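Colleague: What follows is a protein structure lacking sequence information:
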């Protein structure tokens, strides 16, 4: 684990995918298999009950497991070797009752699905928390005017509520897609050597294993990884959506803009060289994670064409990559909640930045109004000429009075009113919120 690991990841996923928890989860799957086979009368119930009681409490030497993994290429062989060694000292008969009919991939994949289910439960609660924060930002700022920027330039007026509503929309869509992907993946892997089952893995056994683990039964998917990859892809999209929020905040909090600011905190964002600086650390980490996840997701996608009934290399490529994706997304989620939960929205500075444009942020509205009488081409040309002359001494409104004397002062003034912008913004916000069951 590197020096930087904890900056980008979440303690939750660190614990969830720890060696200890993965071993415990694999033992849980082996226990569920023993229980199912005993319930179906395949193995003696009395011996199975003893084994079921013992398995969750087996002591596993992680160092030895890692050494055996480097030789066998699968954690299950080393795990079983250690378990059987301990069982022989208690009841040699129990050695013959464990891992019957299953293959290593059955145990590894089913354990992975269990861990993913725990992760998705956690992520779902965090998504709800984040959405509540975003809804609050929208409802507090539906009419908070700010400059909308396109291609890095001031464009026209919008409100911060609209921007936050779009952030919310992306998180809501990810929530929906993630739940769909999670449901498709919530299935056991229990197909035996080549995925068709065997006398120890009958349909009834598989149903009981699934029931014991709170998962769904399904045909083996040893080399059909599309559901797993779909979830990884949705996590990558969520990471990108969080990165979009972060990069917006980075841009709007830079010194020349200062419309937003990250939550204050003792020592947060300090520079080693410049005492006046407060760097946007939370946004920086979220953006860094969103930069990394697409390439990890690409590894998952590249692993889809797995050969025949078990892949030599592509399945194994998932083992570290998928937990890395989940860890980075979890880290971004926690930091996004902290970032947006304490975000400073500086509406006064937003208004000052609008004033600094000297009316240019109204240029498109003026052009559209003049188009009705002058035609779009002439209106565009006139407003473009006027815009080129705008300065601190000559705002756009005064220049237009000179260029278009037939336009009354009252008519011109009305084109620079902000109420229509705020009404349009509120309508846009209502439209976005209503898609996801919220109201303004």
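Modeller: Everything's here; your move. All figures in this text were calculated on a predicted structure; none of them were measured in a lab. Numbering: from 1, shown residues only.

Colleague: all helices for the stretch 51-200 of the chain, in order.
Modeller: For the stretch 51-200 of the chain, the helices defined by DSSP state H, counting those that start in this stretch occupy 62-72, 75-90, 104-140, 160-185.

Colleague: Next secondary structure after the last one?
Modeller: Think helix 160-185. helix 203-213 (DSSP states H and E).

Colleague: Next, the angle helix 104-140 makes with that next one.
Modeller: Here helix 203-213 points in a direction 40 degrees away from that of helix 104-140 (axes from the mean of the first three to the mean of the last three Cα atoms, to 10 degrees).

Colleague: Can you name the element that comes right after helix 203-213?
Modeller: helix 226-253.

Colleague: tell me which residues in that next one are buried?
Modeller: For helix 226-253, a neighbour-count test (16 or more other Cβ atoms under 10 Å) marks 227-253 as buried. Quick note: C-beta positions are derived from backbone N, CA and C, even for glycine.

Colleague: helices or strands up against that helix?
Modeller: Counting contacts by 3 or more Cβ pairs under 8 Å, 6 or more residues apart in numbering; DSSP states H and E, helix 226-253 is packed against helix 160-185, strand 260-261, helix 281-302, helix 314-341.

Colleague: number of nearby residues for residue 180?
Modeller: 13 (other Cβ atoms under 10 Å).

Colleague: hang on, the earlier thing: output the helices and strands packed on helix 226-253 in TSV, with mean pLDDT appended to each entry.
Modeller: Listed next are the helices and strands packed on helix 226-253 as TSV, based on pLDDT from 0 to 100:
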stretch	mean pLDDT
helix 160-185	97
strand 260-261	94
helix 281-302	97
helix 314-341	97
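
Colleague: ends of stretch 252-261, how far apart?
Modeller: This stretch, stretch 252-261, spans 8 Å end to end (Cα to Cα, to the nearest Å).

Colleague: can you redo the helices of the stretch 51-200 of the chain as TSV with distance to residue 375?
Modeller: Below are the helices of the stretch 51-200 of the chain laid out as TSV (distance: least, Cβ to Cβ, whole Å):
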stretch	distance to residue 375
helix 62-72	75
helix 75-90	74
helix 104-140	38
helix 160-185	30
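
Colleague: Which of these sits closest to residue 46?
Modeller: When these are compared by Cβ to Cβ, helix 75-90 sits nearest residue 46, at 13.8 Å.

Colleague: got the contact list for the closest one?
Modeller: 22-23, 26-27, 30, 50-51, 54-55, 58-61, 64-65, 67-69, 72, 94-95, 98-99, 104, 107-108 (Cβ atoms under 8 Å, 6 or more residues apart in numbering).

Colleague: Could I get the buried residue list for that helix?
Modeller: With burial defined by 16+ other Cβ under 10 Å, the residues of helix 75-90 counted as buried are 75, 76, 77, 78, 79, 80, 82, 83, 87.

Colleague: Quick one: low-confidence residue ranges for the chain.
Modeller: Applying pLDDT under 70 to the chain flags residues 266-277.

Colleague: one more time with 80, if that's ok
Modeller: Across the chain, the ranges flagged by pLDDT under 80 are 1, 265-279, 392-393, 405-409.

Colleague: Spatially central residue in it, please.
Modeller: residue 238 (3.2 Å; Cα atoms, centre = their mean).

Colleague: My guess is it contacts residue 176. True?
Modeller: No - applying Cβ atoms under 8 Å as the test, residue 238 and residue 176 come out as separate, 11.3 Å apart.

Colleague: centre of the chain versus stretch 15-32, how much separation?
Modeller: Centroid separation for stretch 15-32 versus its chain: 24 Å, with Cα atoms, centre = their mean, to the nearest Å.

Colleague: For the remainder of this discussion, apply numbering that starts at 16.
Modeller: Happy to do that; since the first residue is 16 now, the last one works out to stretch 30-47.

Colleague: Would you indicate which residues of it are buried?
Modeller: Neighbour-count burial for stretch 30-47, counted by 16+ other Cβ under 10 Å, picks out 31, 32, 37, 38, 40, 41, 42, 43, 44, 45, 46, 47.

Colleague: how close does residue 257 sit to residue 277?
Modeller: Look at residue 257 and residue 277: by Cβ to Cβ, to the nearest Å, they are 14 Å apart.

Colleague: And residue 125, by the same measure?
Modeller: 42 Å.

Colleague: Same check on residue 297?
Modeller: Taking Cβ to Cβ, one finds residue 297 at 6 Å from residue 277.

Colleague: Determine the three-state secondary structure at residue 454.
Modeller: Following DSSP: H, G, I helix; E, B strand; the rest coil, the label given to residue 454 is coil.

Colleague: Check whether it really touches residue 444, as I assumed.
Modeller: No - counting by Cβ under 8 Å, residue 454 does not reach residue 444; the two are 10.0 Å apart.

Colleague: Who has more neighbours out of the two?
Modeller: Using other Cβ under 10 Å, the more surrounded residue of residue 454 and residue 444 is residue 444, with 24 against 8.

Colleague: Leaving out chain neighbours, which residue sits closest to the more buried one?
Modeller: Counting by Cβ to Cβ, 6 or more residues apart in numbering, the nearest residue to residue 444 once its immediate chain neighbours are dropped is residue 180, at 4.7 Å.

Colleague: about what we covered before: to residue 238, which of the helices and strands packed on helix 241-268 lies closest?
Modeller: For these, the distance to residue 238 is smallest for helix 329-356, at 7.5 Å, taking Cβ to Cβ.

Colleague: where's the closest one relative to the chain centroid, distance-wise?
Modeller: 7 Å.

Colleague: packing partners for the helix or strand following it?
Modeller: Going down the chain from helix 329-356, the next helix or strand is strand 359-360, by DSSP H and E. Packed against strand 359-360, as judged by 3+ Cβ pairs under 8 Å, 6+ apart, are the following elements: strand 275-276.
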